[in-house]
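1. I would like to see how this sequence folds:
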Amino acid sequence: MKLFKPFVNLTKSASTGVYTINSVVSLPKDYALSSIEQGLIEIDGKKVWSVTATVTTNGSLETDIVEFAVPVKQEPTDEIKKVNMIVKQALSGDSSVGNPVADNGTDVNYDDAEITIP
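-> Below you'll find the predicted structure:
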């Protein structure tokens with residue numbers, strides 16, 4: 001399985017308070033972004049909010065830089081201090097994603113969010 005390490009930036013809107021995770025990832029030939037899901041996972045015994053982008057093969061002949069922004073559904077809590085962005089390859093013939101792991105993701109703390117003005 002290929003690993004697709006995303007570069008991320010977390011922002012928080014000054015007017016709405018909504019957190020958004022912005023991501024850039026380089027996809028090799030034959031891959032395209034197919035879906036984005038969010039959910040709670042546990043990494044090293046700590047709860048982390050995870051945004052998982054799934055990629056699938058599409059027959060493309062060129063490497064592609066993909067950028068996307070995802071409004072984060074989970075606010076920080078006493079237990080949840082980080083957002084984890086994972087880019088994972090879909091299993092062949094299956095669009096579902098297995099258990100995300102920390103090795104192919106990038107964490108960012110809610111406290112490190114950049115405040116944006118609309």
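2. SS state for residue 8?
-> Secondary structure assignment for residue 8 (DSSP: H, G, I helix; E, B strand; the rest coil): strand.
3. Report how many residues lie close to it.
-> For residue 8, the neighbour count with other CB atoms under 10 Å is 18. The C-beta positions use only the backbone N, C-alpha and C, and glycine is treated the same way.
4. can you give me the helices in this protein?
-> With DSSP state H, there are no helices along the chain.
5. Where does pLDDT dip in it?
-> Judged by pLDDT under 70, the chain has its weakly predicted residues at 1-3, 92-104.
6. Could I get the full set of strands for the protein?
-> 7-13, 19-27, 31-43, 46-57, 64-71, 82-89, 105-109, 114-116 (DSSP state E).
7. and those, which is most packed in?
-> Highest mean neighbour count of the strands of the chain: strand 82-89, a mean of 23 (counted as mean count of other CB atoms under 10 Å).
8. Show me what it pairs with in its sheet, parallel or antiparallel.
-> strand 46-57 (parallel), strand 105-109 (antiparallel) (DSSP bridges).
9. Distance to residue 67 added to those, as TSV?
-> Formatted as TSV, the strands paired with strand 82-89 follow (distance: least, CB to CB, whole Å):
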stretch	distance to residue 67
strand 46-57	11
strand 105-109	14
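10. residues making contact with stretch 65-72?
-> 10, 18-27, 32-33, 36, 38, 49, 51, 53, 83 (CB atoms under 8 Å, 6 or more residues apart in numbering).
11. hang on, isn't residue 8 packed against residue 23?
-> Yes - between residue 8 and residue 23 there is a contact under CB atoms under 8 Å: 5.0 Å.
12. Identify the contacts common to the two.
-> Shared contacts of residue 8 and residue 23 (CB under 8 Å, 6+ apart): residue 85.
13. Can you name the residues bridging to residue 47?
-> Per DSSP bridges, the residues bridged to residue 47 are residue 42.
14. Which residues are in contact with the residue nearest in space to the middle of the chain?
-> Centroid-nearest residue in the chain: residue 85, 2.7 Å away (criterion: CA atoms, centre = their mean). Residue 85 makes contact with 6, 8, 21, 23, 50-51, 53, 105-106, 108 under the criterion CB under 8 Å, 6+ apart.
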